[in-house]
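> Fold the following.
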Amino acid sequence: MEETELTNNLEEKFHDGPFGPVEFGCFEIEEEEKTILFINHFKVHKDYQGHGYGKETLKKVLDYISQDDRIDKISMSIGGGEVSKEFFEKIGFSDVELKSDGMVTAVEDVSELRKRLN
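Down below sits the predicted model:
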């Protein structure tokens with residue numbers, strides 16, 4: 001796990017959300033020649049859910065990380081149960097798993113997710 005200038009800038013840029021109160025935290029995982037952006041904290045305040053803030057924030061994150069061509073996957077692991085699972089599926093993640101403890105994991109290629117979000 002590595003904090004780099006890219007992830008530090010991401011957290012600073014998106015901490016309070018550019019589109020409303022979206023909490024955000026991330027770091028990078030390097031595997032061989034690939035780098036995965038792992039988002040371990042992504043939460044839209046309950047009063048703002050269902051209005052597109054999460055999707056728009058994630059689109060901006062994808063635009064921002066496209067500056068670094070080493071990052072080819074995005075992985076998210078957050079709580080929220082079925083609501084989070086539905087969010088990930090709705091915005092275009094194809095590999096989504098709801099675990100028995102209510103945690104949801106989602107993994108997707110950055111290029112594929114960008115296509116689905118635009």
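
> contacts, neighbours, all on C-alpha from now
OK.

> gap between stretch 89-96 and the chain center?
Centre-to-centre, stretch 89-96 and its host chain are 11 Å apart (C-alpha atoms, centre = their mean, to the nearest Å).

> In it, which residues are buried?
For stretch 89-96, the neighbour count (16 or more other C-alpha atoms under 10 Å) marks 91, 92, 93, 96 as buried.

> Report the buried residues of the longest helix anywhere in the chain.
Ranked by residue count under DSSP state H, the longest helix found in the chain is helix 53-65. Using 16+ other C-alpha under 10 Å as the test for burial, helix 53-65 gives 53, 54, 55, 56, 57, 58, 59, 60, 62, 65.

> sorry, back to before: out of the buried residues of stretch 89-96, list just those in strands.
In strands, defined here by DSSP state E, the members of those are residue 96.

> Helix or strand: which one has the residue nearest to residue 74 when sequence neighbours are not counted?
Sequence neighbours aside, residue 37 is the residue nearest to residue 74 in space, at 4.8 Å (criterion: C-alpha to C-alpha, 6 or more residues apart in numbering). For residue 37, the host element (DSSP states H and E) is strand 34-44.

> Dump the buried residues of helix 53-65 to a markdown table, plus distance to residue 112 and pLDDT.
Listed next are the buried residues of helix 53-65 as a markdown table, based on distance: C-alpha to C-alpha, whole Å; pLDDT from 0 to 100:
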| residue | distance to residue 112 | pLDDT |
| --- | --- | --- |
| 53 | 20 | 82 |
| 54 | 18 | 83 |
| 55 | 15 | 84 |
| 56 | 16 | 83 |
| 57 | 17 | 82 |
| 58 | 13 | 82 |
| 59 | 12 | 82 |
| 60 | 15 | 81 |
| 62 | 11 | 80 |
| 65 | 14 | 77 |
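
> and of those residues, the nearest to residue 44?
Nearest to residue 44 among the buried residues of helix 53-65: residue 54, at 6.3 Å, using C-alpha to C-alpha.

> Report the residue spans of the protein with pLDDT below the cut-off.
1-32 (pLDDT under 70).

> ok now stretch 90-109, how far from the chain's centre?
Going by C-alpha atoms, centre = their mean, where stretch 90-109 is centred and where its chain is centred differ by 11 Å.

> Could I have the CA atoms of it written out in CSV?
The C-alpha coordinates for stretch 90-109 follow below in CSV (Å, rounded to 0.1, in the frame of the first residue of the first chain):
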residue,chain,number,x,y,z
LYS,A,90,-26.0,0.9,-11.5
ILE,A,91,-22.9,2.9,-12.3
GLY,A,92,-21.3,0.1,-14.3
PHE,A,93,-19.2,-2.2,-12.1
SER,A,94,-19.5,-5.7,-13.4
ASP,A,95,-17.6,-7.5,-10.6
VAL,A,96,-19.6,-6.7,-7.5
GLU,A,97,-19.9,-8.9,-4.4
LEU,A,98,-22.0,-8.4,-1.2
LYS,A,99,-20.4,-10.2,1.7
SER,A,100,-22.2,-11.7,4.7
ASP,A,101,-20.9,-8.8,6.9
GLY,A,102,-22.6,-6.2,4.7
MET,A,103,-19.3,-5.1,3.0
VAL,A,104,-19.5,-4.7,-0.7
THR,A,105,-16.5,-5.1,-3.0
ALA,A,106,-16.4,-4.0,-6.6
VAL,A,107,-13.6,-4.2,-9.1
GLU,A,108,-13.5,-2.9,-12.7
ASP,A,109,-11.1,-1.9,-15.4
